[in-house]
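Trainee: sequence-free structure coming up:
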């Protein structure tokens, strides 16, 4: 659609206009990197790593435990164990600190304790690790750390809470099957990582196999001080951080003579399909996901920086390329975005949008074309600097808060970088030029490396979607089996 | 379920235990109020109000325009106009500042401009006003304000963008019809406020009636400097704020001899039903919403404080009463919460959860009972202080950021309070005791004042749901007509 033409009589066709605008706009001044926080680091005698990022002047601290609880460690056939463990862990603990000594607390007590401190427990499970944290006013920090320590050191892992968390996870899975957006994300991960540890996905069957003994094994093998990090961000100094860490975590001991369990590097073993079409009759819209490889953590800062910036150009922000092509120019969607994940051994980029069923094939082609274009056409300076500024602006906003600060430190660890690398990250991103970005895209995002997932009402989508790829796998949502290498209950033999 | 009994052999029944736990736990120390920011205020000659909340030490500023663009001003039959106006307003402007002088910018240009400054436009429409803002690094503040000023003062309101925003709103409405959670919220508002201005809800029909002339009317009658406020929160001082406001908004003039349009106080005119059951065959879960009146803004700080705290006790946080009764004790849901809204003329409280269809009637009864219990039973000191601490903790976290600060100032204005009242709010909340909270609940939340909405698969719910209220309205989602006082396409005559 030539919107400018309709409105103001400009006679330029869209692609030319868009390019011209990027190139002719005055280049924004090179964005300034956000000022890094003072960082310090120590280890307790038991091996617990303690990281501090200071942000003085506002009496808040975020305390976050990063635990060796990633989904990559889920045993074969028991996908979902890390997530269940984390859920159950926050629902029962032996209180060891202060006036609570020896009191067994249940989920309600624990939430009540956190909320009485003016905080709420925040937890998440990722591939490599899980985090559990609180953002507290400084006078409540001591009590808050006592609570975190009790959860990590003395979880009671109630069997009833395992059943409840399992039932919730299974309910969630069933709702995912009816939700094109959620289902596409889940299938994308499975398609891309295939039968590697990163491709395992929780299913009702894998969740049903998890026993309380599995939780106890996680506790023994994974939840240990030398495999954990306490991240503190906010209004305190290194001496305070050390004293607090010693008081609450100094007595934490790993069980003797039990070998630790650590994740191994992953290696993508994609499923055989390049295109996956999943039918959800009656779905409101189609979810379209296009996947490409990304650099693994071992690639180093230069290449990862190029990958981050390529992703920012592609799909971070309303005016990034995906939004511009899919939404602004053609009105096929109300939003389109991309994100990346890099693990030890490999990484991926996922570009995502929703659209009407009968536009799904057009949108899938557009997204794939935009991804590949980054490796072919030169990138204008104005566009590059705008995306860099957008990325740096977001970092600056995250650095403003104690929770953002702790989150950034946590991301450094997840990416196997030293905490001090946080201060170098903006400079690394500023060092990426258009040629490096193009080289990254050309290397990773070739046509044969991309994978496409469309989840929607295939009847309403019409034949165009199947024409996208004659070898596409076509599966009804009700027949999906995520544990199978064919993704389907019945044997694939058509 | 007596979880503690199963786990640790405690022999207490639940309700007694819960009460005992609240009363016996050591009362937390009285929470400290978050430190208020330095505030200043001025008016430009054209009537624009400028508010500044200073947060020195981190180079970010949030600039937010609060505009006289609330949905309460939507003309009869054109519900959705304010929201459409705000959407379209951000998609086209005549650029007036600096090197952009006279350049017509479209939605892509505008997003590109914001993202080049490392920011992104944030907008929302409420009943009384709309906000439009950016969070910027201080070196970008001048350019950011130029962009906001162009959007507010020189919007081009492109007809094509009206069509696109309209189509998006109609798509969104259709998706709402299939989503129990979203539909329950929308119906609750309609049921509670009825045929008052606050009860009008956008529908495909009302959206279809909106013409570009309606947008131009909004521009003339509502979008005027003397009806607008520029809120600045972050790293700048009063002199800088004045200079920036003068530069970008000093020349803004209201059209001469055109009377301004302002919202009138609302008065709830609830629909005739006490209970509304909406059938969405095949829905995943049932949404349950119980509504009660809340104090209007005219009630004053004491009563509003009691209402806020009553809401915190009821439904703010995992361990608040709704979560405890519905989720922790009975495992009927994965979360339950409540929120309040107070307008000039009246207010409401909405308690909400999702559950299995066959638990919907039990959950609706539980929630109504919890609401009424607040007006009957005495509240223990430990519970009261815990909820107060939780509320104050959240305020403290919001005060940490420039965006949170601007948002809190904006809320003060929406509640017709002077900005300085922001600094009194924690003290007002600390002054609320258990008796005041109980008096509030007893006054507002009597059984006959409550209203219930359940949206789910009524076939799967079984007969218990209909037994909840023999006079309930039962409507199929496909037959809903939000413009009708019977909420139904066909005449009500059963």
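Mentor: Thanks, I have it. Please read these numbers as outputs of a predicted model, since none were measured by experiment.

Trainee: which one is residue A:152 nearest to, not counting chain neighbours?
Mentor: residue A:65 (5.7 Å; C-beta to C-beta, 6 or more residues apart in numbering or on different chains). Quick note: C-beta positions are derived from backbone N, CA and C, even for glycine.

Trainee: any idea of the pLDDT on the nearest residue to residue A:462 once chain neighbours are set aside?
Mentor: Excluding the flanking residues, the one nearest residue A:462 by C-beta to C-beta, 6+ apart is residue A:358, at 5.5 Å. At residue A:358, the model reports a pLDDT of 95.

Trainee: what of the one 4 residues further on?
Mentor: Predicted confidence (pLDDT) for residue A:362: 96.

Trainee: look at it and tell me its secondary structure.
Mentor: Of the three states, residue A:362 takes helix according to DSSP: H, G, I helix; E, B strand; the rest coil.

Trainee: over to residue A:276?
Mentor: Secondary structure, three-state DSSP: residue A:276 is strand.

Trainee: that one against residue A:468, yeah?
Mentor: No: using C-beta atoms under 8 Å, residue A:276 is not in contact with residue A:468, being 10.8 Å away.

Trainee: pLDDT below threshold where in chain A?
Mentor: Residues of chain A meeting the criterion pLDDT under 70: A:1-34, A:97-101, A:490-494.

Trainee: do a quick rundown of the strands in it.
Mentor: All strands of chain A, identified by DSSP state E, fall at A:39-43, A:49-54, A:60-67, A:92-95, A:103-106, A:122-125, A:130-137, A:229-234, A:275-279, A:286-294, A:336-343, A:346-355, A:451-456, A:473-476.

Trainee: got CSV for those strands, with distance to residue B:107 and mean neighbour count too?
Mentor: CSV is the format used below for those (distance: least, C-beta to C-beta, whole Å; neighbours: other C-beta atoms under 10 Å in any protein chain shown):
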stretch, distance to residue B:107, mean neighbour count
strand A:39-43, 41, 16
strand A:49-54, 38, 22
strand A:60-67, 36, 26
strand A:92-95, 51, 22
strand A:103-106, 51, 19
strand A:122-125, 34, 17
strand A:130-137, 36, 24
strand A:229-234, 37, 26
strand A:275-279, 32, 22
strand A:286-294, 22, 27
strand A:336-343, 14, 22
strand A:346-355, 17, 25
strand A:451-456, 26, 28
strand A:473-476, 36, 18
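
Trainee: so which of the ones you listed is nearest residue A:178?
Mentor: Among the strands of chain A, the nearest to residue A:178 by C-beta to C-beta is strand A:451-456 (10.4 Å).

Trainee: what is the closest one packed up against?
Mentor: In this structure, strand A:451-456 makes packing contacts with helix A:180-193, strand A:275-279, strand A:286-294, helix A:360-373, judged by 3 or more C-beta pairs under 8 Å, 6 or more residues apart in numbering or on different chains; DSSP states H and E.

Trainee: how about the residue in the stretch 251-400 of chain A positioned nearest to chain B: what's its closest non-neighbour residue?
Mentor: Closest residue of the stretch 251-400 of chain A to chain B, C-beta to the nearest C-beta: residue A:393 (2.1 Å). Closest residue to residue A:393 apart from its sequence neighbours, by C-beta to C-beta, 6+ apart: residue B:118 at 2.1 Å.

Trainee: check contacts around that neighbour.
Mentor: Residue B:118 makes contacts with A:31, A:389, A:390, A:392, A:393, A:394, A:396, B:136, B:137, B:140, as judged by C-beta atoms under 8 Å, 6 or more residues apart in numbering or on different chains.

Trainee: with residue A:469 instead?
Mentor: Taking C-beta under 8 Å, 6+ apart, one finds A:274, A:275, A:452 in contact with residue A:469.

Trainee: distance-wise, check it relative to chain B.
Mentor: 28 Å (C-beta to the nearest C-beta, to the nearest Å).

Trainee: quick check: phi and psi at that residue.
Mentor: Residue A:469 adopts backbone torsions of phi -160, psi 110, taken as degrees, to the nearest 10.

Trainee: hey, what's residue A:337 bridged with?
Mentor: Judged by DSSP bridges, the bridge partners of residue A:337 are residue A:352.

Trainee: so what's it up against?
Mentor: Counting by C-beta under 8 Å, 6+ apart, residue A:337 makes contact with A:315, A:316, A:320, A:322, A:323, A:351, A:352, A:353.
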